[in-house]
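1. Any chance you can model this:
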Amino acid sequence: MNETEQSTPLIVDAVIHAYNLAEENARNPIAASFAAASYGMVQLTGDHAMISMEQFCHDWSVDSLAELVFVESDVDLATFHAVPLGDYFYDGMVSNEKGIEMRRRWPDRVLFYGAVNPLEGAKALEDAEYLVKEGGASGIKLYPEWYVGGGVKPISLADEAIDPLLQKVQELGAVLAIHKAVPAGQGLTDNYRVGDVEAAAARYPELPIEVVHAGMAFLDETTYLLQRYPNVYANLEVTSAFAVHLKRRFAEALGALMFSGALDRIIFATGCCLVHPQPIIEALRSFTMPEDLTAGYGYPPVSEDVMRGILGENYLRLHGLDPEDVRRRIADDDFATRRAQGRPSRWSAVTSDAPV
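-> Below is the predicted model:
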């Protein structure tokens, strides 16, 4: 390994998805709003000119996703998050089966967080055990509510009824990831606040908990969480996309999270295919904290070491992965070989075979 390779930070995208936004997957009319909202995220990086809504809103294959992430971008390792929205989509919108397949086919490139519905009681425990022991999952992904009969049922980590699931996740040695900040469908905003994370973090101090979409909303509350609970991590899914065209918004979010002192618990994620990773990576490489935020708010500057941690090393540490071992395993695989031959244009992995 040469000196340049050693000095280049590993890029770990802590959330990728293979969406199924095909019309036939919609369980109810509200699901259509997910397609529009998801495609709207593409505009955060200005890529809506490169991919149409029709091309975006289909059933993504794992091959298209892998091509986009590992050939079209500089991402070295990624974690596939399944989504437990079976109340809106027949397969949950992002199925566990796709995550299991990606983990099986590309174990040196892909980690997997499986999705369960805590309201299913004993079945949720069985599902978690299967996903970790048989499906290769390193984490369990939850959403904070379930849409039923025109209303929502909250899923709160503060509810003692969820303790058996939290105990199971901890027993399995997995990470718990909870979607927050961004309401889904006709969900209630209050269910997406972070107060219940506080309760779970206090009861289970050995259980790592990722707050997904950290910084999108409830920024002060999230900062206080990071200050007080060393087992809470800030997952920057979608928040990271602000670095491209909404730089001030991103600086305020990242600065506040850094001010908590949790510099080793902020982790890069995009939510790809929600947005393309490459323009975000390039924006982060050149990002500097505005002087008025360092002087006026005391936000720390973003050093090279801090950014290296955010882009990958913090997440590798969470999962007990050695950066140099990861480099060695992926150095000569098919993705690395093809990327070295020249990166394809963004979104070409899907626009070449998706509906037009």
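2. Residue 40 - how many residues pack around it?
-> Other residues near residue 40 come to 12 when the count uses other C-beta atoms under 10 Å. From N, CA and C alone the C-beta is placed, and that goes for glycine too.
3. Same question for it, what's its three-state structure.
-> Three-state assignment for residue 40 (DSSP: H, G, I helix; E, B strand; the rest coil): helix.
4. Quick check, pLDDT for it.
-> Predicted confidence (pLDDT) at residue 40: the value is 91.
5. Would you mind measuring from it to residue 249?
-> 16 Å (C-beta to C-beta, to the nearest Å).
6. swap in residue 11?
-> Distance from residue 11 to residue 249, by C-beta to C-beta: 22 Å.
7. Please identify which of those two sits among more neighbours.
-> residue 11 (20 against 14).
8. Would you enumerate the residues in contact with the more buried one?
-> Contact analysis of residue 11 by C-beta atoms under 8 Å, 6 or more residues apart in numbering lists 73, 74, 75, 76, 77, 268, 277, 281, 311, 312.
9. Now do the phi/psi pair for it.
-> Main-chain dihedrals, residue 11, degrees, to the nearest 10: phi -110, psi 120.
10. What strand or helix carries the residue lying closest to residue 80 once chain neighbours are set aside?
-> In this structure, residue 80 finds its nearest non-sequential neighbour in residue 99, 4.2 Å apart by C-beta to C-beta, 6 or more residues apart in numbering. If you go by DSSP states H and E, residue 99 is part of helix 96-105.
11. Put the alpha carbons of that helix into PDB.
-> The C-alpha trace of helix 96-105 is given here as PDB (Å, rounded to 0.1, in the frame of the first residue of the first chain):
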ATOM      1  CA  ASN A  96     -34.700  -7.000   4.500                       C
ATOM      2  CA  GLU A  97     -34.200  -9.500   1.700                       C
ATOM      3  CA  LYS A  98     -32.300  -7.000  -0.400                       C
ATOM      4  CA  GLY A  99     -30.100  -6.200   2.600                       C
ATOM      5  CA  ILE A 100     -29.400  -9.900   3.200                       C
ATOM      6  CA  GLU A 101     -28.500 -10.300  -0.400                       C
ATOM      7  CA  MET A 102     -26.100  -7.400  -0.500                       C
ATOM      8  CA  ARG A 103     -24.400  -8.500   2.700                       C
ATOM      9  CA  ARG A 104     -24.100 -12.100   1.300                       C
ATOM     10  CA  ARG A 105     -22.700 -11.000  -2.100                       C
END
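12. hmm, who's touching it?
-> With C-beta under 8 Å, 6+ apart as the criterion, helix 96-105 contacts 18, 62, 65-66, 80-82, 91, 110-115, 131, 135-137.
13. hmm, try it at 10 Å
-> 16-20, 59-63, 65-66, 69, 78-84, 91, 95, 109-116, 127, 130-131, 134-138, 141 (C-beta atoms under 10 Å, 6 or more residues apart in numbering).
14. From those residues, list just the buried residues.
-> When the contacts of helix 96-105 are checked for burial by 16 or more other C-beta atoms under 10 Å, the buried set is 16-20, 59-62, 65-66, 69, 78-84, 91, 95, 109-116, 127, 131, 135-138, 141.
15. Can you pick out the ones from those residues that are in helices?
-> Among the buried ones among the contacts of helix 96-105, the residues falling in helices (DSSP state H) are 62, 65, 66, 69, 127, 131.
16. Of those, just say which sits nearest to residue 242.
-> The shortest gap between residue 242 and any of these belongs to residue 69, at 20.0 Å (C-beta to C-beta).
17. wait, doesn't the closest one sit right on residue 347?
-> No: Residue 69 is beyond contact range of residue 347, at 11.8 Å (criterion: C-beta atoms under 10 Å).
18. joint contacts of the two?
-> When contacts are counted by C-beta under 10 Å, 6+ apart, residue 69 and residue 347 have 273, 276, 278 as shared neighbours.
19. Would you mind giving me the confidence score for the closest residue to the last one other than its chain neighbours?
-> Meaning residue 278. Spatial nearest neighbour of residue 278, chain neighbours left out: residue 73 (4.1 Å); criterion: C-beta to C-beta, 6+ apart. Looking at residue 73, its pLDDT stands at 98.
20. Could you count how many residues lie near residue 73?
-> When neighbours are counted by other C-beta under 10 Å, residue 73 registers 24.
21. for it, phi and psi?
-> Note on residue 73: backbone dihedrals following degrees, to the nearest 10 are phi -130, psi 180.
22. Would you state the helices of the stretch 251-356 of the chain in chain order?
-> Using DSSP state H, counting those that start in this stretch, the helices found in the stretch 251-356 of the chain span residues 277-285, 291-296, 304-308, 314-318, 323-330, 334-340, 348-351.
23. Now do the same contact list for the residue nearest to residue 219 when sequence neighbours are not counted.
-> Nearest non-adjacent residue to residue 219, counting by C-beta to C-beta, 6+ apart: residue 256, 5.2 Å away. By C-beta under 10 Å, 6+ apart, the contact list for residue 256 reads 214, 215, 219, 220, 222, 223, 226, 234, 293, 297, 299.
24. List just the nearest of those residues to residue 321.
-> residue 234 (19.1 Å).
25. so what's that closest one closest to, chain neighbours aside?
-> Using C-beta to C-beta, 6+ apart and skipping the chain neighbours, the partner closest in space to residue 234 is residue 214 (3.7 Å).
26. tell me the SS of that neighbour?
-> Of the three states, residue 214 takes coil under three-state DSSP.
27. Distance check, residue 191 against residue 242.
-> 23 Å.
28. now do residue 92
-> 27 Å.
29. any weak-confidence spans in the chain?
-> Scanning the chain for pLDDT under 70 picks out 1-7, 353-356.
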